[in-house]
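Enquirer: Below is the sequence, then the predicted model.
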Amino acid sequence: MMIDQTKIFELWRCMLRIRMVEEAIAEHYPEQEMRCPVHLSIGQEAAAVGVCAALQRKDWVFSGHRSHAHYLAKGGDLKCMVAEIYGKSTGCCGGKGGSMHLTDQAAGFIGATPIVGSTVPIAVGAALTSQLREEGRVVVIFLGDGAMEAGVVHESLNFAVLKKLPVLFACENNLYSVYSPLKVRQPPQRSLSQLATGHGIQTMLADGNDVCAVFEASSKACKFLKEGDGPVFLEMPTYRWREHCGPNYDNDIGYRTEEEFESWQLNDPLERLTSYVESKKINSLTKKIRQEIQEAFAFAKSSPFPDGQAASEDVYA
């Protein structure tokens, strides 16, 4: 699959925008105005952008606790996302969800929740709905390597295969579940793709730091799904730069080495494409994105908090 220069630039632009948004969150977080946990995807942008670039507006995306990149890559409203992190009434969940509860149904980003693996069966149910209604919609569920140890994920894989559902399991394998590496959670001779293959699902593997490779694999997967040939599991090895939860770096606590961290930084998904982009365009685009981010933070900070009555709204008993 040949990717033209225009598409490469768009992939790079989307990754840069996500990187700059999350760096701004990290910069402002110490001000103590964002009163919720944040899980940043800095270093992992290629997986989110490559998958979402293969989707149509009508396709649906679900995610988990580390969802900023998925939300933005699918076209979620930036101002509403930042306002949600600030707990404001103009946020995408009315200020009641915070960083780990994002939604923009108009963009096809249906939802994210923090419990590991919890949105996986919901996404599979959504794919079943789409199939029964013959909507031709692809459903993507982003999950991490830690979710592969949740029983509900395996139940969902089995059901998706049984019903040949149009769902893409997009697995971002960043090697760690909080501070626990794969070697203490999974046998060394078995990959996550092999684990998924045991359910009879079509599996793919793409370099999670190569946005073009992810885009190509995701495009192939979407074609496969739309032809009614069942679900696909896509494993994307990648790496988060910042701490598991929060705006800082945490290499000093000893669960990963500085050497490992630096080796992954050299594999920066943005830098891998920078040579394809003119420096003049880089400077112009960076300035434009920075202005957009400043406006989003100004909007969030100036927005009101939800009133007391909002606590009883959107609640299901």
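Expert: All right, it came through fine. Numbering: from 1, shown residues only.
Enquirer: Lowest mean pLDDT among the helices and strands of this protein, which one is it?
Expert: Least confident helix or strand, the chain: helix 271-274 with a mean of 90, by mean pLDDT, DSSP states H and E.
Enquirer: buried residues in whichever helix or strand comes after that helix?
Expert: Using DSSP states H and E, the helix or strand that follows helix 271-274 in sequence is helix 279-302. Along helix 279-302, the positions that meet the burial threshold by neighbour count (16 or more other C-beta atoms under 10 Å) are Leu285, Ile289, Ile293, Ala296, Phe297, Phe299, Ala300. For the C-beta atoms, the positions are set from N, CA and C on the backbone; glycine is no exception.
Enquirer: Tell me who's in contact with the fifth one.
Expert: With contact set as C-beta atoms under 8 Å, 6 or more residues apart in numbering, Phe297 has these partners: Ala24, His28, Val82.
Enquirer: hmm, try it at 10 Å
Expert: By C-beta atoms under 10 Å, 6 or more residues apart in numbering, Phe297 lies in contact with Val21, Ala24, Ile25, Glu27, His28, Glu33, Leu78, Lys79, Val82, Ala83, Ile85, Tyr86.
Enquirer: Just give me the neighbour total for the residue nearest to the fourth one when sequence neighbours are not counted.
Expert: Put plainly, it is Glu27. With C-beta to C-beta, 6 or more residues apart in numbering as the criterion, Glu27 has its nearest non-adjacent residue at 7.8 Å, and that residue is Pro247. Residues lying near Pro247 (other C-beta atoms under 10 Å) number 18.
Enquirer: Which of the contacts of Phe297 fall in helices?
Expert: In helices, judged by DSSP state H, the following of the contacts of Phe297 are found: Val21, Ala24, Ile25, Glu27, His28, Leu78, Lys79, Val82, Ala83, Ile85.
Enquirer: Next, count neighbours for the first one.
Expert: By the measure other C-beta under 10 Å, the count of residues near Val21 is 25.
Enquirer: again, but for the third one
Expert: Each residue near Ile25 was counted by other C-beta under 10 Å, and the total is 21.
Enquirer: does it really touch Glu84, like I thought?
Expert: No - with contacts counted by C-beta atoms under 10 Å, Ile25 stays clear of Glu84, the gap being 11.7 Å.
Enquirer: So for those two, which residues contact both of them?
Expert: Met34, Ser99.
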